[in-house]
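*Asks:* Need coordinates for the following:
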Amino acid sequence: MYNFKISEIYSSKSPNHGSFLQTPFWCEFKTRHGWSYRRFDVTYILPAEPDYESCENSPVQEDLVKNFELAVLNRSFAKGMFSIAYIPLMPALPFECTDEDTLNKAFSEEGEQVSVLKELVTPETQSIEFAYLLNDLARALKPLLPKNTIAIRFDPAVGFNTPEDRDLFNYGIKQIAKSERLKLKKNKVDIQPPDSTLVSLEGTTEEIMARMHSKWRYNIRLSEKKGVKINKYLGNDIKLSEKIDKFYQLTKETNARDGNSSHAKSYYLDLIKSSQDEIASGKDVPLVSLYIAEHEGEEIASIMTLFSKDEAIYLYGASSNNKRNLMPNHLLQWTAIKDAKEYGSKYYDMYGMPPEGKNENHPMHGLYMFKANFGGKNIHRTGSWDVPIKGIYGLYSAAEKIRAFWHKVVMKKIRGR
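*Replies:* You can find the predicted model right below:
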């Protein structure tokens, strides 16, 4: 269906825009921690059809030419015997979807008039095109990747308002892949968190706070009233090593409490330090910051964030078992949200929340409520999709499922969670 023109490139036209996972800064950082990285300029032609005229302001008479940069990460296993190629938060849908206001009107009493005037375009109306896009892009990339690559894994930039809409879309893609005999498989282990909440940074800080749950506004003010102070550290701070030590100590305390795992301390130090080093050298790269909440000389909670021109990301967080009643995490997030707005980011991504946590009986209900009540909009992405290119992929996929089951089910039961 698609004709791709792909060439390797060694710099980016927009190094601090789009998903942070696609930025040269992030990809080069990952090369120092077990990955390899290639960047490509991708162009493809999408034949225009009358049904998709709503994607443009005027009737389409010519083929649509799509062009974008694409970062591909590779991770080797078994001493280099095989590797997985990973493409985070790309590609997007081939056609621009009808805006939400028009969709809402289409399903109102005026809907018949709207649908006559304009053909509606949703992710579901382009499922076939999207399935082929993943399949054909993987085939076009295959000759340009390491010969030991056994599969290409996508985390597409396709989001939905509800988990049910996402699940229905994924089901449709599976059926298309089966009927069209495409080697496209939904991976049961998602690499990036598919569910999150995005806090819009439009408006004043007062307007942003007004969109929060009233209890969250109260908790922020309570934390300030009780004397919690937030200190911010960048990669060139003279106290950086000491503060990363504290962050890591809090991380281990959090892991012991919640049954999670984390990166090595050197990983966090490299991330924040390399950000500031590159900024100091004049490069346009995301800003990584460390925030630590302190009360009466005791450092009780911490978060690490990344700000780019498009998005701000809550990357990592940790907290002590002490003084949690002072609500330091609420004040930490609010401080970062205000800084992200000042930096110029468009939204603040809480980066991961369990949609099933909305249920009061779910063990992660507290995490869900904490992130959701900052006034953001929930988003539910498709999760990871694989295009196998070698037979050994089946064995790798089975091993991956067993590993995920062991850590997410067995170990949590052993730890009593």
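*Asks:* how distant is stretch 301-315 from the center of its chain?
*Replies:* How far stretch 301-315 lies from its chain's middle: 12 Å, per CA atoms, centre = their mean, to the nearest Å.
*Asks:* Could you work out the end-to-end span of it for me?
*Replies:* 14 Å (CA to CA, to the nearest Å).
*Asks:* swap in stretch 4-23?
*Replies:* End-to-end distance (CA to CA), stretch 4-23: 22 Å.
*Asks:* Tell me which residues of it come out buried.
*Replies:* By 16 or more other CB atoms under 10 Å, the buried positions in stretch 4-23 come out as 4, 6, 12, 15-23. For glycine as for every other residue, the C-beta is placed from the backbone atoms N, C-alpha and C.
*Asks:* What ranges does the stretch 51-200 of the chain have for its strands?
*Replies:* 64-77, 82-88, 149-155, 159-160, 185-186, 195-200 (DSSP state E, counting those that start in this stretch).
*Asks:* and the longest one, which strands flank it?
*Replies:* If I follow you right, that is strand 64-77. strand 35-46 (antiparallel), strand 82-88 (antiparallel) (DSSP bridges).
*Asks:* could I get these as CSV with mean neighbour count, distance to Lys186 and mean pLDDT?
*Replies:* Listed next are the strands paired with strand 64-77 as CSV, based on neighbours: other CB atoms under 10 Å; distance: least, CB to CB, whole Å; pLDDT from 0 to 100:
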stretch, mean neighbour count, distance to Lys186, mean pLDDT
strand 35-46, 17, 23, 95
strand 82-88, 22, 15, 97
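*Asks:* Would you reformat the ones you listed as TSV and include distance to Asn104?
*Replies:* Compiled in TSV, these are given as follows (distance: least, CB to CB, whole Å):
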stretch	distance to Asn104
strand 35-46	27
strand 82-88	31
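*Asks:* To Phe29, which of these lies closest?
*Replies:* For Phe29, the closest of the strands paired with strand 64-77 is strand 35-46, at 9.2 Å, according to CB to CB.
*Asks:* Contacts made by that closest one with the rest, please.
*Replies:* 2-10, 12, 24, 27-28, 30-31, 63-76, 94-95, 129, 137, 141, 144-146 (CB atoms under 8 Å, 6 or more residues apart in numbering).
*Asks:* Likewise for stretch 73-83?
*Replies:* Identification of contacts with stretch 73-83 by CB under 8 Å, 6+ apart yields 27, 30, 34-38, 84-88, 145-146, 148-150, 390, 392, 396.
*Asks:* try 7 Å
*Replies:* Contact with stretch 73-83 is made by 27, 30, 34-37, 84-86, 145-146, 148-150, 392, as judged by CB atoms under 7 Å, 6 or more residues apart in numbering.
*Asks:* Give me the distance from that stretch to the chain's centre.
*Replies:* Between the centre of stretch 73-83 and the centre of its host chain there is 23 Å, according to CA atoms, centre = their mean.
*Asks:* So for it, what gets flagged as buried?
*Replies:* Residues 73-74, 76, 82-83 are the ones in stretch 73-83 that count as buried (16+ other CB under 10 Å).
*Asks:* quick one, helices of the stretch 51-200 of the chain?
*Replies:* According to DSSP state H, counting those that start in this stretch, the stretch 51-200 of the chain carries its helices in the segments 100-106, 111-117, 127-141, 163-179.
*Asks:* What is the longest one packed up against?
*Replies:* Helices and strands touching helix 163-179, as assessed by 3 or more CB pairs under 7 Å, 6 or more residues apart in numbering; DSSP states H and E, comprise helix 127-141.
*Asks:* repeat for the first one
*Replies:* Counting contacts by 3+ CB pairs under 7 Å, 6+ apart, the secondary-structure elements packed against helix 100-106 are helix 111-117.
*Asks:* what about the helix ranked longest in the chain, distance to the chain center?
*Replies:* Criterion DSSP state H: the longest helix present in the chain is helix 240-258. Its chain's C-alpha centre and that of helix 240-258 lie 23 Å apart, by CA atoms, centre = their mean.
*Asks:* SS state for Glu8?
*Replies:* strand (DSSP: H, G, I helix; E, B strand; the rest coil).
*Asks:* What's the separation between it and Leu234?
*Replies:* Glu8 sits at a distance of 33 Å from Leu234 (criterion: CB to CB, to the nearest Å).
*Asks:* for the nearest residue to Ser275 once chain neighbours are set aside, what are its contacts?
*Replies:* Leaving aside its chain neighbours, Ser275 sits nearest to Val288 (3.8 Å; criterion: CB to CB, 6 or more residues apart in numbering). Contacts for Val288 were tallied using CB under 7 Å, 6+ apart; they are 235, 271-272, 275, 304, 306.
*Asks:* Could you do Asn260 as well?
*Replies:* Per CB under 7 Å, 6+ apart, neighbours of Asn260: Thr254.
*Asks:* give me the low-pLDDT residue ranges for the stretch 101-250 of the chain?
*Replies:* Applying pLDDT under 70 to the stretch 101-250 of the chain flags the ranges 107-118.
*Asks:* ok, now with 50
*Replies:* Counting by pLDDT under 50, the stretch 101-250 of the chain shows low-confidence ranges at 116-117.
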